[in-house]
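Q: Here's a sequence, model it:
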Amino acid sequence: MNSASNLDWSHQSLRQEHIQMAAAFNKRAVELGYRDLSDFFWYHTIDLGDGLVTPGTYDYRFNLEPFRFPENMAGMQVLDVGSGTGFFAFEFEKRGAEVTSVDLPSMASLDRFPGETLEQTIRKVEGMMREHSLLSTDQKRQIFGRDALQELYRTHLDGPFQFCHSRLGSKVVRCYSTIYEVSPEKLGKEDFDLVFLGDVLLHTINPLQALAAVAALCRGTLIVSQALPETTETRPIMLYVGGEEPGKDEVTWWWPNVPCFEQILRKLGFREATLAGYHTGRVRPGGGAYKRAVIHARR
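A: Now for the predicted structure:
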């Protein structure tokens, strides 16, 4: 079997696995007395107990070592920025931390390229969700034919998180804010022992401003995980990946390289900033491979 055939087989295998996971999740949810949850987009795979496992696009459950999180987080104050479905927030809580989870107050708060309309941004997010959705054409039409702004927020961000939060009996505190506007006043805490940013900065138009906002809240370790440019360049650079057509990007614009992160983080007051390693895997249902750098910065 050649490499192209292997790749095609891998994609088909992961898609089939995702279909089976989604069917099993929806069936079990109904058996446990919940409504039909097939309209939800599950960013993370989370084991909610009693045979209920969310069919997430990203499954980090069995490969957390590259992040180098403390095994025992008892007594730690932890901030998870851009929680999505909430896997990392709930994982930190499971390890003993007191966790604050931050995500957007609405889909209208998504960053967008200067001059791009909110409608263009919503159409992009709709398209991205359709690609990962296993809903039928009629179901998609029903969801995306409603108030797109509210429905995308309910099905993509807040609904899945709140369902998991309730199901787990979690005490994670949810705060609604853009990354630029996080503050002690909003969060109810002056600072945190650990701050985690997973796949967040690449979705910001102004990543330096965003990084500075969360850095100010970190008294211990800041962990950043995201895609980096494939380059041997040793100078600090930031690669633009947003393309040249309005409305055609994937709400992604900037990929700093490791030297860029290291210098910026030191300038923001961290005594050291280093590449701790890489996390790799494949997304469901498409099967595409990903590689995320994990950068640790310490006060």
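Q: Tell me the spacing between the residue nearest to G82 when sequence neighbours are not counted and I237.
A: Leaving aside its sequence neighbours, G82 sits nearest to V200 (C-beta to C-beta, 6 or more residues apart in numbering; 3.9 Å). All C-beta atoms are positioned from the backbone trio N, CA, C, and that covers glycine. The gap separating V200 from I237 is 20 Å, by C-beta to C-beta, to the nearest Å.
Q: cool, G51 as well?
A: Using C-beta to C-beta, one gets 48 Å for the distance from G51 to I237.
Q: L275 now?
A: From L275 over to I237 (counting by C-beta to C-beta), the distance is 15 Å.
Q: before we move on, what about F192?
A: 29 Å.
Q: Neighbour count: these two, which is higher?
A: A count of neighbours by other C-beta atoms under 10 Å puts F192 above the other of F192 and I237, at 24 against 13.
Q: Hmm, the more buried one is touching V81, no?
A: No. If you go by C-beta atoms under 8 Å, F192 and V81 don't touch, sitting 10.1 Å apart.
Q: Can you tell me what sits against stretch 186-195?
A: Contacting residues not belonging to stretch 186-195 are listed as 69-70, 73, 76-79, 81, 92, 97, 100, 102, 173, 175, 177, 184, 214-215, 217-223 [C-beta atoms under 8 Å, 6 or more residues apart in numbering].
Q: buried residues in that stretch?
A: For stretch 186-195, the neighbour count (16 or more other C-beta atoms under 10 Å) marks L187, F192, D193, L194, V195 as buried.
Q: Quick check: mean pLDDT of the host helix or strand of A22?
A: If you go by DSSP states H and E, A22 is part of helix 3-31. With pLDDT averaged residue by residue, helix 3-31 scores 80.
Q: going on from it, what's the next piece of helix or strand?
A: strand 77-81.
Q: who touches that following strand?
A: Residues outside strand 77-81 that contact it (C-beta under 8 Å, 6+ apart): 86, 88-89, 92, 97-102, 179, 182, 187, 189, 191-198, 200, 214, 217-218.
Q: mind redoing it with 7 Å?
A: 88-89, 92, 97-102, 179, 189, 192-197, 200, 214, 217 (C-beta atoms under 7 Å, 6 or more residues apart in numbering).
Q: Only C-alpha atoms, please: export the helix or strand encompassing R266 in CSV.
A: Using DSSP H and E, R266 sits in helix 258-267. Extracted as CSV, the C-alpha positions of helix 258-267 are listed here (Å, rounded to 0.1, in the frame of the first residue of the first chain):
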residue,chain,number,x,y,z
VAL,A,258,10.0,29.6,18.9
PRO,A,259,12.7,32.5,19.1
CYS,A,260,9.9,35.0,18.7
PHE,A,261,7.9,33.5,21.6
GLU,A,262,11.0,33.2,23.7
GLN,A,263,12.0,36.9,23.2
ILE,A,264,8.5,38.3,23.7
LEU,A,265,7.9,36.2,26.8
ARG,A,266,11.2,37.4,28.3
LYS,A,267,10.3,40.9,27.5
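Q: in that helix, what counts as buried?
A: By 16+ other C-beta under 10 Å, the buried positions in helix 258-267 come out as V258, C260, F261, E262, I264, L265.
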